[in-house]
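*Asks:* no letters, just coordinates:
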């Protein structure tokens, strides 16, 4: 006997059971605390694998990022917690389960219109801004933008001038005197004692255009590093020899982080006030500036309070305004 249409069941939302997806429901609410995780420093990063040197015995361990870390960005210089197989043997893999707070960060954007910040290096004490005196010619704009990135990121900048055997570095070095930035001559015939004094026992990152001699400088500091070097092309630009950031241990203690050569250094995340607030003698002065002041002075800012300063502070303002001008321009051919 056929069932009548009136007796058919009427379905509603109470009859629907939605099951959670595989990735949305943890098997337990008790997440591991990883109290026994071993602390280490990230020294390399390549296609989803990180090299971590453990603090306790210096073992180099290959790691992956644990699932609970999500998409947390882990870069060279980071201090992390590692669990799993930490023997460092071939074909073993440990997991990064914790990222410690960073003491300093070197950030950049692709250009000044890109809001996405890329962290280049973490926890570095010094930023070694490497620039050649000649071949390729020095690009003041790039050095000034690197100084801004160091000031804002909490790193101490050191300008290292290479290829001093090809030209006199004194004129280029004088451009940064009023910023209280130490400029070191690190050509192949120059002593590295002054530089070694700074970086021993610290973490230092190198940044510079391709072809300025970063890898040559690293090979002098660490003879066993054997970093690849290259020649400058016919148009005055270097060829990329360092393709990944890597931290190398100094013989006398400390780390040096060699970074790939970059053509432009975007600073979309930096505003003029942030740059000026780095300098204590100018921090309170800008409180007297009118709203919207860019601190560039007349004619753009005729009422800028920085124009009231005299002596060494006035010379510092002139030097900082060159930094602010570099902040507004990111033309790779000018840099």
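*Replies:* Sure thing, it's come through. Just so we're clear, the structure is a prediction, and the values are computed from it rather than from any experiment.

*Asks:* enumerate the positions of the lengthiest strand in the chain that are buried.
*Replies:* Identified as the longest strand of the chain according to DSSP state E is strand 38-46. Across strand 38-46, burial judged by 16 or more other Cβ atoms under 10 Å covers 38, 40-45. Heads up, the C-betas are built off the backbone N, CA and C, glycines and all.

*Asks:* need those in CSV with pLDDT, can you?
*Replies:* Below are the buried residues of strand 38-46 laid out as CSV (pLDDT from 0 to 100):
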residue, pLDDT
38, 96
40, 97
41, 98
42, 97
43, 96
44, 95
45, 93
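
*Asks:* for residue 266, state which of these is nearest.
*Replies:* Closest approach between the buried residues of strand 38-46 and residue 266, by Cβ to Cβ: residue 45, at 20.3 Å.

*Asks:* now that closest one. Nearest residue, chain neighbours left out?
*Replies:* residue 76 (5.8 Å; Cβ to Cβ, 6 or more residues apart in numbering).

*Asks:* what residues are up against the one you found?
*Replies:* Residues near residue 76 by Cβ atoms under 8 Å, 6 or more residues apart in numbering: 42-45, 121-122, 245-247, 257.

*Asks:* from the chain's centre, how far out does the strand or helix carrying residue 218 sit?
*Replies:* Here residue 218 sits within helix 214-221, counting by DSSP states H and E. Remark: helix 214-221 is offset 19 Å from the chain centroid, using Cα atoms, centre = their mean, to the nearest Å.

*Asks:* packing partners of it?
*Replies:* Contacts defined by 3 or more Cβ pairs under 8 Å, 6 or more residues apart in numbering; DSSP states H and E place helix 214-221 against strand 126-132, strand 156-162, helix 193-199, strand 203-207, strand 255-258.

*Asks:* among those, which comes closest to residue 185?
*Replies:* Nearest of these to residue 185, taken as Cβ to Cβ: strand 156-162 at 5.2 Å.

*Asks:* now, which of the contacts of residue 76 sits nearest residue 194?
*Replies:* Distance to residue 194 across the contacts of residue 76 (Cβ to Cβ) is lowest for residue 257, with 19.7 Å.

*Asks:* just give me the neighbour total for that closest one.
*Replies:* By other Cβ atoms under 10 Å, 28 other residues sit near residue 257.

*Asks:* quick check: domain ranges of the protein?
*Replies:* 38-99, 105-258, 272-328 (automatic domain parsing).

*Asks:* pick the most deeply packed of those domains.
*Replies:* For the domains of the chain, average neighbour numbers computed from mean count of other Cβ atoms under 10 Å are highest in domain 105-258, which has a mean of 19.

*Asks:* start and end of it, how far apart?
*Replies:* 15 Å (Cα to Cα, to the nearest Å).

*Asks:* contacts made by stretch 85-94 with the rest, please.
*Replies:* 38, 52, 54, 59-64, 82-84.

*Asks:* pick the one among the residues you listed closest to residue 299.
*Replies:* Of all these, residue 52 has the smallest distance to residue 299: 53.9 Å, by Cβ to Cβ.

*Asks:* so the closest one is in contact with residue 65, correct?
*Replies:* No: between residue 52 and residue 65 there is no contact under Cβ atoms under 8 Å: 11.2 Å.

*Asks:* identify the contacts common to these two.
*Replies:* Joint contacts of residue 52 and residue 65 (Cβ under 8 Å, 6+ apart) are residue 96.

*Asks:* low-confidence ranges, this protein, go.
*Replies:* 1-9, 13, 20-29, 111-113, 115, 226-243, 263-264, 330-335 (pLDDT under 70).

*Asks:* scan it for its longest helix.
*Replies:* helix 311-328 (DSSP state H).

*Asks:* now do it: which elements does it pack against?
*Replies:* helix 140-153, helix 272-276, helix 280-283.

*Asks:* for stretch 259-270, measure first residue to last.
*Replies:* Chord length of stretch 259-270, first to last residue, is 21 Å (Cα to Cα).

*Asks:* give me the buried positions along that stretch.
*Replies:* 259, 261-262, 264-270.

*Asks:* now, among the contacts of residue 76, which is nearest to residue 104?
*Replies:* Using Cβ to Cβ, the contacts of residue 76 come closest to residue 104 at residue 122, 7.2 Å.

*Asks:* show me the contacts for the closest residue to that closest one other than its chain neighbours.
*Replies:* If the residues on either side of it in the chain are set aside, residue 122 comes closest to residue 77, at 4.1 Å by Cβ to Cβ, 6+ apart. If you count contacts by Cβ under 8 Å, 6+ apart, residue 77 has them with 41-42, 121-124, 203, 205, 247, 257.
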